[in-house]
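Peer 1: Have a look at this fold, sequence not included:
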């Protein structure tokens, strides 16, 4: 995946826009498929846009099938941008003023998905997937914090990112491996090795809750690991809250603007809104960690075990049944 410094590009666009408030100011983003993709600002209207050139693709997007939500507009337009004279573009734009920061993240993230598809025949499904991932966030934007269970889960994923991946990889690389933010089957994936992160905050950690038959399915993978963080929960303890963990990681990647931009986008996909930081009062601390190699014989339910027509299975696994698959942190690090 191309490493693109979106924050720097937006800064450049916005500075030029202030001097040309009546103009569309755009920057072309290089794409794998070599189709023209632009991010842009219409400063006079206070909106951010993504323009995807469809003129030479022969593709028509069925807009009725694309997810829509408050503050978003999607339509085809004929416009000239750069060397693209009177081209047919799909325009994705912001409708709500004064949401520039989050829309810059949103447009950048959607753009990153689009420029990395090899054929624009995959454009419509790629857009649908990305827009659906952001829909939950925008429908709750600015008013709600994550429920406790989601805070707990995100704290576990960020702990794995901080304690394992960021100690071995650059910030940008480590964040590319964080695939769970995009609602994939596993939380982290490095080539053909995947890591599923779980947290438990009960007084006695006896079981692990699995949310689907795909979470512990290693089909297509060489290795799959299950990492369980045992957490203590502390009421009215902002100094150990989720925003503090997030700020710690921001500090670790602070010298890489591209990584910071990707991190903010990933957090937003998870439903985290930095405007609600002061509302997070619950603290977390790690009391222990257990790591398991998911292989033949591991207690789990996978899709190939289910009768046709059965899916979306939720179940629990007794920790006592996993003991012979347990490994230590040193062995886990060898696979990262």
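Peer 2: Perfect, I can see it now. None of the values given here were measured: they were computed from a predicted structure.

Peer 1: what residue ranges in this structure are flagged as low confidence?
Peer 2: For the chain, the stretches flagged by pLDDT under 70 are 1-2, 97-100, 140-143, 203-204.

Peer 1: biggest helix in it by residues?
Peer 2: The helix that spans the most residues within the chain, counting by DSSP state H, is helix 123-140.

Peer 1: So residue 131 sits against residue 65, correct?
Peer 2: No. Counting by Cβ atoms under 8 Å, residue 131 stays clear of residue 65, with 10.4 Å between them. Just so you know, the C-beta spots here come from the backbone N, C-alpha and C atoms, and that holds for glycine as well.

Peer 1: Point me to the helix or strand that includes residue 90.
Peer 2: strand 84-94 (DSSP states H and E).

Peer 1: no no, residue 69
Peer 2: Following DSSP H and E, one finds residue 69 outside all helices and strands.

Peer 1: which ones are touching the nearest residue to residue 276 once chain neighbours are set aside?
Peer 2: Spatial nearest neighbour of residue 276, chain neighbours left out: residue 145 (5.0 Å); criterion: Cβ to Cβ, 6 or more residues apart in numbering. If a contact means Cβ atoms under 8 Å, 6 or more residues apart in numbering, then residue 145 has 151, 273, 276, 279, 280 as its contacts.

Peer 1: Show me where the stretch 201-336 of the chain has its strands.
Peer 2: 207-210, 223-234, 283-293, 315-318, 326-327 (DSSP state E, counting those that start in this stretch).

Peer 1: my bad, should have said the stretch 51-200 of the chain
Peer 2: So, for the stretch 51-200 of the chain - with DSSP E, counting those that start in this stretch - the strands run 72-81, 84-94, 188-190, 193-200.

Peer 1: thinking again about what came up before, tell me which of the strands of the stretch 201-336 of the chain sits most buried.
Peer 2: strand 223-234 (a mean of 20; mean count of other Cβ atoms under 10 Å).

Peer 1: Show me what that one is packed up against.
Peer 2: Contact here means 3 or more Cβ pairs under 8 Å, 6 or more residues apart in numbering; DSSP states H and E; on that basis strand 223-234 packs against helix 148-163, strand 193-200, strand 283-293.
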